[in-house]
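Student: this is a predicted model, with the sequence first.
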Amino acid sequence: MQLKPLARSLAAALSIVVIAGCSSTGGTQDGDSYGSQDGSTTGSSTSGTGTGSQYGSTSGSGAGQQADSRIPEVRTIYFDYDRDTIKSDYESVVMAHARYLRANPNAQVVLHGHTDERGTREYNMALGERRADAVERFLNIQGVSPSQMSVVSYGEERPAASGQDESAYAQNRRVVFNY
C-alpha cells in the first residue's frame, strides 16, 4: 500500500529530471523568463564580476576532479530585488557546489536565505525561504541528494551590510552555502 506514494514521488522526480535535462540551453533555471523584469542590474556589476573570475580559475583548470574534492570558494549568491530566481551570473557557482556535493555524498549543506529590510518580516521570511528553495531545487536537478541539503530562512534578520541604500540592500539579498 505504501509503495504507491513512493512510486508517484519517483515518477514525479524522474519527470522533473528529464524535463530539466532536455531544457538545459544555458539559460537560467526557469529559462530567464523574468530574472530582471524590473530592468535593474543591481548587485551583478559589483559582485557578479568578481565571482566569475574568482571561481573561474578553479573550475576552468584541468584539475576538475581535484577541485570537486574541495568546498567551492564562493559560498554566497545574490538575487535581484523581490526575486527568487537564480541569476545567470551565479549558475556556475551553484554548479560548482553541485559537483562538490555529488563527489562528496557525506557532505551536508545548509542553505541560508536572506533578504534586505524592505517588506514585512513575514514576507521577508517567506522570500528568504523561496530563494533557498530555488537553490535547493537547482542542486537537486543537478543530482545532489535531498538528504545532503536543508533550508533555513533568516529573512531580514541577519544583514550582511548595514545601511538603507541600494548597495547595502544588494548585499543582503542572498543565499549562503553553509557547510
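Tutor: Looks like it came in fine. Numbers count the residues shown, from 1 in each chain.
Student: what about the strands in the chain?
Tutor: Using DSSP state E, the strands of the chain run over 76-78, 109-114, 149-155, 174-178.
Student: can you redo the ones you listed as a markdown table with mean neighbour count and mean pLDDT?
Tutor: In short, each C-beta sits where N, CA and C put it, glycine included. Output for the strands of the chain, formatted as a markdown table (neighbours: other C-beta atoms under 10 Å; pLDDT from 0 to 100):
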| stretch | mean neighbour count | mean pLDDT |
| --- | --- | --- |
| strand 76-78 | 22 | 98 |
| strand 109-114 | 23 | 98 |
| strand 149-155 | 18 | 98 |
| strand 174-178 | 21 | 98 |
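Student: for Ala126, which non-adjacent residue is closest in space?
Tutor: Closest residue to Ala126 in three dimensions, ignoring its sequence neighbours and counting by C-beta to C-beta, 6 or more residues apart in numbering: Ser153, at 7.4 Å.
Student: please apply the same query to Val176.
Tutor: Per C-beta to C-beta, 6+ apart, closest to Val176 is His112, 4.3 Å.
Student: ok, the one you found to Met125 distance?
Tutor: 12 Å (C-beta to C-beta, to the nearest Å).
Student: ok, now Glu156?
Tutor: 8 Å.
Student: ok so, going back, mind putting the strands of the chain into CSV with distance to Ser88?
Tutor: Conversion of the strands of the chain to CSV gives the following (distance: least, C-beta to C-beta, whole Å):
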stretch, distance to Ser88
strand 76-78, 11
strand 109-114, 19
strand 149-155, 22
strand 174-178, 15
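Student: so which of these is nearest Ala96?
Tutor: Ala96 sits nearest to strand 174-178 of all these, at 9.8 Å, using C-beta to C-beta.
Student: give the burial count for Asp165, as a bare number.
Tutor: Applying other C-beta atoms under 10 Å, we find 8 residues neighbouring Asp165.
Student: for it, grab phi and psi.
Tutor: With angles defined as degrees, to the nearest 10, Asp165 sits at phi -120, psi 170.
Student: now the common contact residues for His112 and Met125.
Tutor: Counting by C-beta atoms under 8 Å, 6 or more residues apart in numbering, the contacts common to His112 and Met125 are 153-154.
Student: doesn't Leu111 make contact with Arg130?
Tutor: No: the pair Arg130 / Leu111 is not scored as a contact, 11.4 Å apart, by C-beta atoms under 8 Å.
Student: can you tell me how far Ser145 is from Pro105?
Tutor: On the measure of C-beta to C-beta, Ser145 and Pro105 end up 7 Å apart.
Student: follow-up on the earlier one: for the residue nearest to Val176, give its distance to Asn172.
Tutor: 12 Å.
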